[in-house]
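> After the sequence you'll find the predicted model.
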Amino acid sequence: PMKNFLLLLFIPAFLDAQSTGLYEDHQIASIFIELPQDSFELILEEQINERYLRARFIFDDGAQRDTIEEIGLRLRGNTSLSAAKKSFKISFNEYVSGREYQGVRKLNLRGQANDPTLIREKLYYEIWKNAGMPERRAAFVRLFVNGEYRGLYTNIEELDKQWLNRAFEDNDGNLYKCLYPADLVWLGADQNSYKNILHDAGERAYRLVTNETADDYSRFVALVQAINQPVSATYAENLRSILNVDGVIKAYAIDIATGNWDNYFYLKNNYYLYDNPASGRFEWVAYDTDNCLGIDWLGRDWALRDCLDWENHAEARPLATRLIEVPEFKQQLINFLDSLSRYVTCPDIIFPRVDELHTLVTPDAENDPFRSLDFGYTVADFHASYDQALD
């Protein structure tokens, strides 16, 4: 029965997941941006990521060509701001309130400067979906700005109210974007103790991105308190009453299986918590997942790291610690890891998909003029890194 139950939690066929338009899986569309060149050069030189520029947007996927006036374009990211190959955010509703294009209000165009294959983040989100997690759509696009080819980008769906409604059928709850050093350590009942932890000078580490006016962290504080309680006979039941623990354990298993270390469990970074009114529990969503599948900046071999001793023990990670301390949770983690390795990330399933993506992106990756500027990756490195270890 357990085996049959686990099989229901996974969707092992990568090829069955197809989208159209903005998130077409099997072809690469082009996005053209037109705006004053001097303004564009200014935000690049000054690394300004908080100011939108007015621009014209053109989308062409071969079957349709749409032009939208008065969209917003800005730089996105933190550490990636200094990269030669910048990442961008496009907002369709920045200057026209409520406007959507193909059902979305914003696009995230990620440059993938540190990934010589250019496919890792897209592949992670396919694994995430095929493991039964709420889909976050991603596709490749060619980006042109004022006629200049800026390279091959990953177009990743915005985590906003539109996405929440599609993923959880309710978008009225509080969504918290959690960035370094968001370790979920208990600091007492005062909401300000958590609001005052900063990711950088202008952003909270636990930042409320919906219902901002109310600025209510009471449920978040209750969640942190529940996580940090001593393990007892009632701990699992109490935590399940406020947190979708199954989802967290599965997300942890996916990160272990893909070596995604720039996350909560190792680096106290890059996740969302959504207080879902439909279920009365918090949902866990991974974010910014490009440092995976062999990318490393910390001198670790993530492929060989003990999957049941994976967290960062140098600092407190109370949620990760409890997932191993509670026998029920630990067994679930083992079960999810087993199912992932059998039905989602096993070579017979994932290698053909990697080969497909390699073939798909090759022409545009080889022609990408910005791809090699940050880390010196050559065209030969691009091809070799699909089956050879990174230096």
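All right, it came through fine. What you are looking at is a predicted structure, and each value in this text was computed from that prediction instead of being measured. Numbers count the residues shown, from 1 in each chain.

> Identify the residues contacting stretch 319-334?
184, 227, 231, 235-236, 239, 245-246, 248-249, 252-253, 264-265, 308-311 (Cβ atoms under 8 Å, 6 or more residues apart in numbering). Where you see a C-beta, it was placed from the backbone N, CA and C, and this is true even at glycine.

> Work out the gap between it and the centre of the chain.
Chain-centre distance of stretch 319-334: 23 Å, with Cα atoms, centre = their mean, to the nearest Å.

> tell me which residues in whichever helix or strand Phe351 is part of are buried?
Here Phe351 sits within helix 347-366, counting by DSSP states H and E. Neighbour-count burial for helix 347-366 flags 349-350, 353-354, 357-358, 360-361, 364-365 (criterion: 16 or more other Cβ atoms under 10 Å).

> Check stretch 299-309 too.
Trp302.

> Centre of the chain to that stretch, how far?
21 Å.

> which helices and strands does the helix holding Phe351 pack with?
Counting contacts by 3 or more Cβ pairs under 8 Å, 6 or more residues apart in numbering; DSSP states H and E, helix 347-366 packs against helix 120-130, strand 138-145, strand 148-157, helix 379-384.

> mind checking which of these is nearest Phe57?
Distance to Phe57, taken as Cβ to Cβ, is lowest for strand 138-145 among the helices and strands packed on helix 347-366, at 11.0 Å.

> End to end on stretch 98-117, go ahead and measure it.
Taking Cα to Cα, to the nearest Å, stretch 98-117 runs 36 Å from one end to the other.

> Could you list the low-pLDDT ranges of the stretch 1-150 of the chain?
The model of the stretch 1-150 of the chain has pLDDT under 70 over residues 1-20.

> 50 - rerun?
Applying pLDDT under 50 to the stretch 1-150 of the chain flags residues 1-8, 12, 15-19.

> For the residue nearest in space to the middle of the chain, give its distance to Tyr180.
Nearest to the mean C-alpha position of the chain, by Cα atoms, centre = their mean, lies Tyr287 at 2.7 Å. Distance, Tyr287 to Tyr180, by Cβ to Cβ, to the nearest Å: 12 Å.

> and if you look at Ile119?
In this view, Ile119 and Tyr180 are 25 Å apart by Cβ to Cβ.

> Then Leu333 would be within a helix, right?
Yes. Leu333 sits within a helix when classified using DSSP: H, G, I helix; E, B strand; the rest coil.

> Make 11 the starting number, not 1.
Noted, 11 is the first residue going forward, which turns the last one into Leu343.

> Neighbours of it, how many?
20 (other Cβ atoms under 10 Å).

> From Pro357, how far out is it?
22 Å.

> what two of the buried residues of helix 357-376 are the furthest from one another?
Spanning the widest gap among the buried residues of helix 357-376 are Ile359 and Asp374, at 25.4 Å by Cβ to Cβ.

> For Asn202, the count of nearby residues, please.
Neighbours of Asn202 (other Cβ under 10 Å): 10.

> next one: Phe385
The burial count for Phe385: 16, using other Cβ under 10 Å.

> Leaving out chain neighbours, which residue sits closest to it?
Take Phe385 and drop its neighbours on the chain: the residue closest to it by Cβ to Cβ, 6 or more residues apart in numbering is Asn124, 6.4 Å away.

> Any idea how far apart the tips of stretch 269-287 sit?
End to end - Cα to Cα - stretch 269-287 spans 32 Å.

> typo on my end, it should be stretch 52-66
18 Å.

> Can you tell me the strand partners of the longest strand along the chain and which way each runs?
In terms of residue count, the longest strand belonging to the chain (DSSP state E) is strand 75-86. Under the criterion DSSP bridges, strand 75-86 sits next to strand 63-70 (antiparallel), strand 97-101 (antiparallel) in its sheet.
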